[in-house]
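> predicted model, plus sequence, below.
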Amino acid sequence: MGKPIVALATPPLKSALAVVRSTGEGVFSIAAALFQKKVAETEERSSFVGYWKDENGQRIDQVVVLAYPAAHSMTGEDTVEVICHGNPLLSERIIDSFLALGARYAKNGEFTSRAFLNGKMDLVEAEAVNDIIEAASDESRKLALLSLEGKASSLLKPVRDRLADLLSSVEVGFDFPEYEEETALSVDEAKSKAKSIKQEIDSLIAEGEEGRIIKDGIKVAIVGRPNVGKSTILNALLKEDKAIVSEAAGTTRDIVEGSVRHKGLTFLFLDTAGLRDNPESIEKIGIEKSLNAVKEADAVLLVLDEDKPFDEEERLVEGLAKGKIFLVAVNKSDLLREKKADGGRIYLSAIKGEREPILDALAEKAGISNGAFARPSLSSSRQLSLLKNASSDLDEAVSCFESGAIDLASSSVLSAYSAVRRLLGEEATLDLSEEIFSRFCVGK
Ligand code: GDP
């Protein structure tokens, strides 16, 4: 058990109740000294009502204490939760009383990191604790819950086991060639196993990308020449006057952000300055910002106000949007005599508040399958980058098997195996856990 730590688990605001949480070696004795002896003797998860006192025996508040012996706690260590009245002055004094008897303030995410270090959850489940608290939509909350229940980790454990099998058969063949016929795989078999595990990992990546989109939303850069109606489109999308609309060309110099939920997805719109190369003015900065916004975005909405072929800058945007969702909207359709309606362009009149054509097209192009909303996935950037490492390691292994470089193939399989184990936290380094848990807030 670690040293006792203490933190406020609820926001430091006046409220009906507040929860002070403490875990680690000796927290039951601390509670016995500040509250009542019976806590120290409990072997079951139990609750007590009474007065919490400070280290000098002065009553602080009437509280409910929940005591969780190590075997029954989230952290895997003896844990005490003090539910007091929701006045920060009271919770602070209760925290001070823990500090006076040897506890220290918890660091960000330290409760969850102890749960991980004590084997109560793997790293994917621990990350889900943060995701569920940070979830900005019902859809992302549901996905985080699936991960918290261990369903995302259980997608990966069979992959880890298949990699372990492959690794051991390859290494047997490599280190003890005399056993090759009985235990080891032929090179061809090893190659096809590596290929099929890679396919499995690739489909986890594809599902993880869908999960990431549901969780984090889709960043859409709205770009186009000045005056085509970008700000008007943004206002229509957000149903409010957030961007400044002006008849003078080039008035939107800063990037405005706003988000819209549509068909279970969150779209974060970035309105950018117009595309026009005017080196004399602030416009130039705006143009750079536009192009950067295009690079950063997941999707690009290029706005025209005439149904005409792209000019040079528009072609540049199209080029930058390669690999992203790319949508061309012809605005001011109220002024248009005829719509060509080819080339997949969208026609709309933003000034009339039309926004469905854009939202529908974006949702369609995002191509999120219905199943993705209810499917566990490995979707954090850490998880996806480790999966991608494993996938390219296996690519490497396959080509090494092909060229007969079995020792190199074996080390690539080992590297894929290690990426998968790191993903689950089975090979976590201190840095890795710090990187993850430092993003949590204190008390989690
Ligand atoms: P931006 O520079 O691309 O952000 O363009 P604005 O949104 O500031 O719009 C430029 C001008 O076009 C304004 O006078 C708008 O009222 C007008 N405008 C925008 N959308 C439409 C539309 O759908 N129809 C018509 N007729 N005018 C529009």
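Right, received. Where do you want to start?

> now do whichever strand or helix holds Phe267, average pLDDT.
Assessed by DSSP states H and E, Phe267 sits inside strand 265-271. Mean per-residue pLDDT for strand 265-271: 87.

> that one pairs with which strands?
Strand 265-271 has these partner strands in its sheet, going by DSSP bridges: strand 218-224 (parallel), strand 256-262 (antiparallel).

> now Leu204: how far from the ligand?
For Leu204, the distance to the ligand equals 41 Å [Cβ to the nearest ligand atom, to the nearest Å]. Just so you know, the C-beta spots here come from the backbone N, C-alpha and C atoms, and that holds for glycine as well.

> also Ile325?
From Ile325 to the ligand the distance is 20 Å (Cβ to the nearest ligand atom).

> apart from its neighbours in sequence, what residue is nearest that residue?
In space, and not counting its chain neighbours, Ile325 is closest to Ala299: 3.6 Å by Cβ to Cβ, 6 or more residues apart in numbering.

> so Leu327: helix, strand or coil?
What DSSP: H, G, I helix; E, B strand; the rest coil gives for Leu327 is strand.

> wait, it touches Leu301, no?
Yes. Using Cβ atoms under 8 Å, Leu327 makes contact with Leu301 at a distance of 4.9 Å.

> now list whatever residues contact both of these two.
Ile358, Leu362 (Cβ atoms under 8 Å, 6 or more residues apart in numbering).

> higher neighbour count, those two?
Between Leu327 and Leu301, counted using other Cβ atoms under 10 Å, Leu301 has the larger neighbour count: 28 against 22.

> wait, a strand at that one?
Yes. Assessed with three-state DSSP, Leu301 lies in a strand.

> and it, how far from the ligand?
Relative to the ligand, and taking Cβ to the nearest ligand atom, Leu301 is found at 12 Å.

> beta partners of that residue?
Assigned bridge partners for Leu301, using DSSP bridges, are Ile222, Leu327.

> now tell me which helix or strand of the chain has the poorest mean pLDDT.
helix 430-437 (a mean of 61; mean pLDDT, DSSP states H and E).

> hang on, Arg160 packs against Tyr417?
Yes. Distance between Arg160 and Tyr417: 7.0 Å, which falls inside the contact criterion (Cβ under 8 Å).

> higher neighbour count, those two?
Neighbour count, other Cβ under 10 Å: between Arg160 and Tyr417, Tyr417 has more, with 23 against 20.

> phi, psi of the more buried one?
phi -60, psi -40 (degrees, to the nearest 10).

> for the closest residue to Asp54 other than its chain neighbours, grab the count of nearby residues.
Once flanking residues are discounted, Asp54 sits nearest to Ser97: 4.8 Å by Cβ to Cβ, 6+ apart. Using other Cβ under 10 Å, Ser97 is surrounded by 25 other residues.

> now the one 4 residues further on
Leu101 is flanked by 19 other residues according to other Cβ under 10 Å.

> contacts only, for it.
Leu101 is in contact with Ile30, Ala33, Leu34, Glu55, counting by Cβ under 8 Å, 6+ apart.

> what sits against the spatially closest residue to Val65 that is not a sequence neighbour?
Using Cβ to Cβ, 6+ apart and skipping residues adjacent in sequence, the residue nearest Val65 is Phe48, 4.7 Å away. Phe48 makes contact with Phe35, Gln36, Lys38, Val39, Val64, Val65, Ala67, according to Cβ under 8 Å, 6+ apart.

> swap the cut-off to 10 Å and go again
Ala31, Phe35, Gln36, Lys38, Val39, Thr42, Val63, Val64, Val65, Leu66, Ala67, Val80 (Cβ atoms under 10 Å, 6 or more residues apart in numbering).

> repeat for Arg104
Counting by Cβ under 10 Å, 6+ apart, Arg104 touches Lys3, Pro4, Ile5, Val6, Ala7, Gly24, Phe98, Glu110.

> which one in those is the model shakiest on?
Per-residue pLDDT puts Glu110 lowest of the contacts of Arg104, at 91.

> by how many degrees do the helix of greatest length in the chain and strand 218-224 diverge?
Longest helix of the chain, by residue count under DSSP state H: helix 187-216. Using axes from the mean of the first three to the mean of the last three Cα atoms, to 10 degrees, the inter-axis angle of helix 187-216 relative to strand 218-224 is 70 degrees.

> residues of helix 187-216 that come out buried?
Neighbour-count burial for helix 187-216, counted by 16 or more other Cβ atoms under 10 Å, picks out 187, 190-191, 193-194, 197-198, 200-202, 204-205, 207-216.
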